[in-house]
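Undergrad: How does the following fold in three dimensions:
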Amino acid sequence: MKPKNIVLLGATGSIGVSTQKVAADLPEYVRIVGMASRENVAGMEQAIQKFHPKAVAMTSRDKAHELEQRIKAPVLTGEKGLVELATLPEADIVLVAIVGTAGLEPALAAIRAGKDLAVASKEILVMAGELVMSEARKHGVKVLPVDSEHSAIFQCLEGRHPADVKRLILTASGGPFRQTPREQFPEITVAQALKHPSWTMGQKITIDSATLFNKGLEMIEARWLFDIEIDRVDVVVHPQSIVHSIVEFQDGSMLAQLSAPDMRHPIQYALVGPKRLPNSMPPTDLAKIGTLTFENPDQNKFPSLRLAHLAGRVGGTLPAVFNAANEVAVERFVTGQIRFTDIFTTVEKTMTAHCPVSQPPLDAILAADAWARREAGHAV
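TA: Purely as a prediction, here's the structure:
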């Protein structure tokens with residue numbers, strides 16, 4: 001069997017490193033032909049030596065020059081370099097694992113070049129879900145989820161008609177403050193917010209897990225990815241992180257996907273599914289885990305879910321504003337400018353001040369993103 005050729009954007013982050021492990025596990029099925037990083041020269045050099053990709057890129061021009069000196073080969077640079085990688089003729093799938101808005105242009109370029117898109121960057125579908133899915137249909141390509149929650153839903157829905165679905169239920173670990181009283185939230189420190197109980201992730205994603213903004217972003221993603229209105233997308237807290245999400249059907253029955261919390265599971269399924277291939281991951285021992293529990297999220301403590309529901313229902317440019325305001329608020333919290341609770345306030349104030357544009361083209365989405373970033377910079 002001919003292996004699938006993968007372009008990996010965000011090769012040295014947590015998703016990128018996990019993708020490298022999947023490729024190393026399944027060399028007969030997965031071949032990395034292109035990879036990019038923002039500025040991790042040492043990580044890129046190591047990955048290049050292991051996978052020998054056809055082309056590589058660094059978004060930082062200085063780091064690109066440094067990598068060129070190390071590998072004695074040309075390195076693509078900036079956004080143009082990402083787009084060139086995303087449209088490599090040899091590529092079958094482009095996996096976008098770049099945090100923030102930088103992945104949007106290469107994602108659209110990949111789709112328009114006829115490449116399947118594996119999405120690990122929430123911003124792509126949150127900001128431009130309507131546009132991305134429309135382009136995917138137009139060009140006859142697949143948009144494959146890499147988030148564990150969306151991968152679980154994707155697997156549970158396989159071969160089933162969307163009309164049969166009553167609800168999509170995203171599971172959340174609840175983060176480190178699930179049992180913390182609301183009155184203590186203003187005093188939460190950055191160090192406390194970065195201690196996630198289940199996953200090891202980047203700084204932005206970890207803070208989003210602490211505020212449950214990650215679930216809000218995932219609600220909007222699910223709305224576009226599965227073409228289901230956001231009123232049928234719910235969240236349930238599941239601290240063990242074994243059930244990755246659930247689909248409830250019209251007859252009341254439910255299907256769930258279970259596995260130990262390891263991002264290699266959804267990455268492997270995105271790259272080689274629907275095949276189920278053996279790998280080096282440890283098995284999920286349900287008897288050892290013992291108990292799986294579920295509870296409703298406290299929306300008074302975590303207004304992020306209410307704000308996400310509003311953004312998903314209104315649509316247009318409002319999800320882009322929701323996303324951008326949250327990015328700025330997280331950065332301001334991490335740098336000590338605002339309190340933990342101000343993250344919620346910043347996003348809500350920015351959303352309230354925005355006049356949404358319906359069915360926006362890309363330039364309107366990017367303009368709303370830029371406006372929200374300016375607004376959120378002084379919202380609190």
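Undergrad: Number of residues surrounding V272?
TA: 19 (other C-beta atoms under 10 Å). (C-beta placed from N, C-alpha, C; glycine too.)
Undergrad: okay, the closest residue to it other than its chain neighbours: pLDDT?
TA: Once flanking residues are discounted, V272 sits nearest to Y29: 5.0 Å by C-beta to C-beta, 6 or more residues apart in numbering. Looking at Y29, its pLDDT stands at 96.
Undergrad: I'd say Y29 and K2 touch.
TA: No - under the criterion of C-beta atoms under 8 Å, Y29 is not in contact with K2, lying 9.3 Å apart.
Undergrad: which residues does the residue lying closest to G316 once chain neighbours are set aside contact?
TA: Here the nearest residue to G316 in space, its sequence neighbours aside, is P356; by C-beta to C-beta, 6+ apart that works out to 4.0 Å. Going by C-beta atoms under 8 Å, 6 or more residues apart in numbering, P356 touches V314, G315, G316, T317, L318, V321, A368.
Undergrad: For these, give me TSV that also has distance to G159, secondary structure and pLDDT.
TA: Output for the contacts of P356, formatted as TSV (distance: C-beta to C-beta, whole Å; DSSP: H, G, I helix; E, B strand; the rest coil; pLDDT from 0 to 100):
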residue	distance to G159	secondary structure	pLDDT
V314	32	helix	96
G315	28	coil	95
G316	32	coil	96
T317	35	coil	97
L318	33	helix	98
V321	36	helix	98
A368	37	helix	97
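Undergrad: tell me the domain ranges of this protein?
TA: 4-146, 150-375 (automatic domain parsing).
Undergrad: Packed most tightly, which of those would that be?
TA: Ranked by mean neighbour count, the domains of the chain are led by domain 4-146 with a mean of 20 (mean count of other C-beta atoms under 10 Å).
Undergrad: Wait, I205 touches V99, no?
TA: Yes - I205 lies in contact with V99 (C-beta under 8 Å); the separation is 7.3 Å.
Undergrad: all helices of the stretch 51-200 of the chain, in order?
TA: With DSSP state H, counting those that start in this stretch as the criterion, the stretch 51-200 of the chain has helices at 61-71, 78-86, 104-112, 122-139, 148-157, 190-193.
Undergrad: which element is V328 on?
TA: helix 318-334 (DSSP states H and E).
Undergrad: what angle sits between that helix and helix 122-139?
TA: In terms of direction (axes from the mean of the first three to the mean of the last three C-alpha atoms, to 10 degrees), helix 318-334 departs from helix 122-139 by 150 degrees.
Undergrad: got the CA coordinates for helix 318-334 in CSV?
TA: The C-alpha coordinates for helix 318-334 follow below in CSV (Å, rounded to 0.1, in the frame of the first residue of the first chain):
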residue,chain,number,x,y,z
LEU,A,318,-18.9,37.0,16.0
PRO,A,319,-17.1,33.6,16.4
ALA,A,320,-13.9,35.3,15.1
VAL,A,321,-14.3,38.1,17.7
PHE,A,322,-15.0,35.5,20.5
ASN,A,323,-11.7,33.7,19.5
ALA,A,324,-9.6,36.8,19.1
ALA,A,325,-10.8,38.4,22.3
ASN,A,326,-10.0,35.3,24.2
GLU,A,327,-6.5,35.0,22.8
VAL,A,328,-5.7,38.6,23.9
ALA,A,329,-7.3,38.1,27.3
VAL,A,330,-5.3,34.9,27.9
GLU,A,331,-2.1,36.8,26.9
ARG,A,332,-2.9,39.7,29.3
PHE,A,333,-3.6,37.2,32.1
VAL,A,334,-0.4,35.3,31.6
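Undergrad: who does the helix or strand just after it touch, helix- and strand-wise?
TA: Using DSSP H and E, the helix or strand that follows helix 318-334 in sequence is helix 340-353. Packed against helix 340-353 by the contact rule (3 or more C-beta pairs under 8 Å, 6 or more residues apart in numbering; DSSP states H and E) you find helix 203-211, helix 304-314, helix 318-334, helix 362-376.
Undergrad: Low-confidence stretches in this protein?
TA: 1, 197-201 (pLDDT under 70).
Undergrad: follow-up on the earlier one: kindly spell out which helices and strands sit in contact with the helix holding V328.
TA: Here helix 318-334 touches helix 122-139, helix 190-193, helix 203-211, helix 213-225, helix 304-314, helix 340-353, helix 362-376, going by 3+ C-beta pairs under 8 Å, 6+ apart.
Undergrad: That one versus helix 213-225: what angle between them?
TA: Computed by the same axes, to 10 degrees, the angle between helix 318-334 and helix 213-225 is 160 degrees.
Undergrad: ok, now which residue in this structure is the farthest from the centroid?
TA: Most distant residue from the mean C-alpha position of the chain: K72, 33.1 Å away (C-alpha atoms, centre = their mean).
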